[in-house]
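>>> One predicted model, sequence on top.
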Amino acid sequence: MNDPRPVAPLAPDNAPPASPDHAAEGKPPRSGKRDLVIISVIVLVVAVMIWSAVRFSHRGPQGTAMLPGGSLVGKSAPNFQLTTLDGKQVSLSDYRGKAVMLNFWATWCGPCRIEMPWFVDLQKKYEPQGFEIVGVAMDDSGEKAIRDFTQQIGTNYTILLGKDAVGDAYGVEGMPTTFFIGRDGKVIDQTLGLASKKELEERIQRAISSGVQSSSSAGILSQGATPMAVLAWKKAIARKALAWVGGR
Amino acid sequence: MKLQAVSFTAAVLFGATLFAQLGSRPTGQTQFVSFEGAPKTAITLDQVGHVDLQFRVTHGNHINSNRPGSELLIPTKLSLSAPGELLVGDVTYPPGKQLILPIAPDEKLSVYTGDFTVGASFMPTGKTSPGTYRIHGQLRYQACSDRACYPPQNLPVQFDVKVLRSTSSSHRNPPQSPHAHP
């Protein structure tokens, strides 16, 4: 057991040297084993991350893809002004206080054609709850083609003629791309690609129930406010309204 | 020191993986089709030439065929521009594969997936002199996955055609079949 080699001087605290030679010096390779375990874990984690990057990088929940341009979730939906098929100017801010499903689509988009009839049903079902669907047509096929297409589908919601600048502001790179906007104008969810009707409906319900404090007493009630607080809130609104009328 | 090295390596690997995840996201200019080239083509001054251009659609995606079956769908089209000394003739497309997506079982699509070939014919004119001519063009296509579609894209293509002297320049031969390969 006598090692004929010269012994290296110990570190001042007599700690075992963290050199690769310590195992060869007859000391138990505890540090080496620990490093091996750490390296194995790291390799495993990295392998899983690479696999997940390849497998899921473009996929969101339920198989819908995440937007490549980054998420707008939690941020204010960029405002815009676009023209309807009737020539009216519409801004997104016109819908403040309502939940909005903003859907970017195109006539050449097969998945869009599948979901648009669902939108007709969803608009009917949720409109009474302060919900609006806004479709933005993002293709170059011309106003007539878009009008014919929407008439064929029987859309009962607002269709706007899209512009690239609006698509860019929302990071739209494929169709359908859909944003679910709460009553406060903040994006609560977004998807690229066709989602099931059930998934759409869940997101719509979240949009309807989010950001409700901005415009209605029902909103503050849903946030747990007492009836007295609602009364005080209504009085404050009335005072503001009177002041505003008086100012004119 | 060893643990530090391991930690450093881990940090680098983590950063690289994160970068790979971010980098793997498609950009606005993402192409869903690649041009895989065309065989070297040589013709003589009295021949009609034909070349098969090879394309590949990225895995998991499809593009509409040249005859997608609906006027709303954007067909795949190859346009070529040759130098003045060469005339571009017919462009021939393969038939599309029928695709029925689970999300739309009632809708039959005519698409290209994986590898496909588009043929093009060209012919010398009276002004053509022997030499190598570069032909430019673009493939216009519109790609979709099973859940999303992407705006129409143009894929640039280019290939060379070599024009040789006629073997019997004293009397011109009749043009050969457009499908003849030199």
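Alright, I've got the coordinates. Residues are numbered from 1 along each chain as shown, chains lettered A, B, ... in the order given.
>>> and residue 134, what does it touch?
If you meant another chain, say so; for now it's chain A. A:V90, A:L92, A:Y95, A:V100, A:M101, A:L102, A:N103, A:Y157, A:T158, A:L160 (Cβ atoms under 8 Å, 6 or more residues apart in numbering or on different chains). C-beta here means a position set from N, CA and C on the backbone, and glycine is covered the same way.
>>> could you do chain B instead?
With Cβ under 8 Å, 6+ apart, B:R134 has these contacts: B:P83, B:Q158, B:F159, B:D160.
>>> quick one: B:Q153 and A:M175, what's the gap?
Separation of B:Q153 from A:M175 (Cβ to Cβ, to the nearest Å) stands at 14 Å.
>>> Turn the contacts of A:V134 into a markdown table, including distance to A:L192.
Shown next, in a markdown table, are the contacts of A:V134 (distance: Cβ to Cβ, whole Å):
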| residue | distance to A:L192 |
| --- | --- |
| A:V90 | 24 |
| A:L92 | 19 |
| A:Y95 | 22 |
| A:V100 | 18 |
| A:M101 | 14 |
| A:L102 | 13 |
| A:N103 | 11 |
| A:Y157 | 20 |
| A:T158 | 21 |
| A:L160 | 19 |
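>>> What is the nearest of those residues to A:A77?
A:L92 (6.1 Å; Cβ to Cβ).
>>> who has more neighbours, B:Q153 and A:M175?
The neighbour count for B:Q153 versus A:M175, taken as other Cβ atoms under 10 Å in any protein chain shown, is higher for A:M175 (29 against 17).
>>> for A:Q152, phi and psi?
Per-residue torsions, A:Q152: phi -60, psi -40 (degrees, to the nearest 10).
>>> okay, it: pLDDT?
Looking at A:Q152, its pLDDT is 94.
>>> what's around it, how many residues?
Per other Cβ under 10 Å, the neighbour tally for A:Q152 reads 11.
>>> which sections of chain B are below the confidence cut-off?
Scanning chain B with the threshold set as pLDDT under 70 gives B:1-29, B:168-182.
>>> ok, which stretches of it are strands?
Using DSSP state E, the strands of chain B run over residues B:33-37, B:41-44, B:49-57, B:62-64, B:77-81, B:86-92, B:97-99, B:109-112, B:115-124, B:131-141, B:143-144, B:153-164.
>>> got the angle for the last one vs strand B:86-92?
Looking back up the chat, that one is strand B:153-164. Strand B:153-164 and strand B:86-92 are oriented at 130 degrees to each other (axes from the mean of the first three to the mean of the last three Cα atoms, to 10 degrees).
>>> buried residues in strand B:153-164?
Buried residues in strand B:153-164, counted by 16 or more other Cβ atoms under 10 Å in any protein chain shown: B:Q153, B:L155, B:V157, B:F159, B:V161, B:V163.
>>> What of the first one?
Using 16+ other Cβ under 10 Å as the burial criterion, the residues of strand B:33-37 that qualify are B:V33, B:F35.
>>> Then the third one?
Across strand B:49-57, burial judged by 16+ other Cβ under 10 Å covers B:G49, B:H50, B:V51, B:D52, B:L53, B:F55, B:V57.
>>> who does B:L86 bridge with?
With DSSP bridges applied, B:L86 shows beta-bridge pairing to B:P124.
>>> Can you show me the helices along chain A?
A:30-56, A:110-126, A:143-153, A:164-169, A:197-209, A:217-222, A:227-247 (DSSP state H).
>>> list the contacts for the nearest residue to B:H62 once chain neighbours are set aside?
Spatially, and ignoring its direct neighbours in sequence, B:H62 is nearest to B:V111 (4.0 Å; Cβ to Cβ, 6 or more residues apart in numbering or on different chains). Contacts for B:V111 were tallied using Cβ under 8 Å, 6+ apart; they are B:H62, B:I63, B:N64, B:S65, B:P68, B:G96, B:K97, B:L99.
>>> try 7 Å
By Cβ atoms under 7 Å, 6 or more residues apart in numbering or on different chains, the residues touching B:V111 are B:H62, B:I63, B:N64, B:S65, B:G96, B:K97, B:L99.
>>> Can you get me a residue count around B:P75?
19.
>>> State the distance from it to B:V111.
11 Å.
>>> Find residues that contact each of those two.
In contact with both B:P75 and B:V111: B:N64, B:S65, using Cβ under 7 Å, 6+ apart.
>>> Just the closest of the contacts of B:R134 to A:I42, please.
The closest of those to A:I42 turns out to be B:Q158 (Cβ to Cβ; 45.7 Å).
>>> picking up where we left off before, just put the strands of chain B in TSV and tack on distance to A:T191.
TSV is the format used below for the strands of chain B (distance: least, Cβ to Cβ, whole Å):
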stretch	distance to A:T191
strand B:33-37	25
strand B:41-44	46
strand B:49-57	24
strand B:62-64	21
strand B:77-81	31
strand B:86-92	38
strand B:97-99	23
strand B:109-112	22
strand B:115-124	30
strand B:131-141	24
strand B:143-144	16
strand B:153-164	22
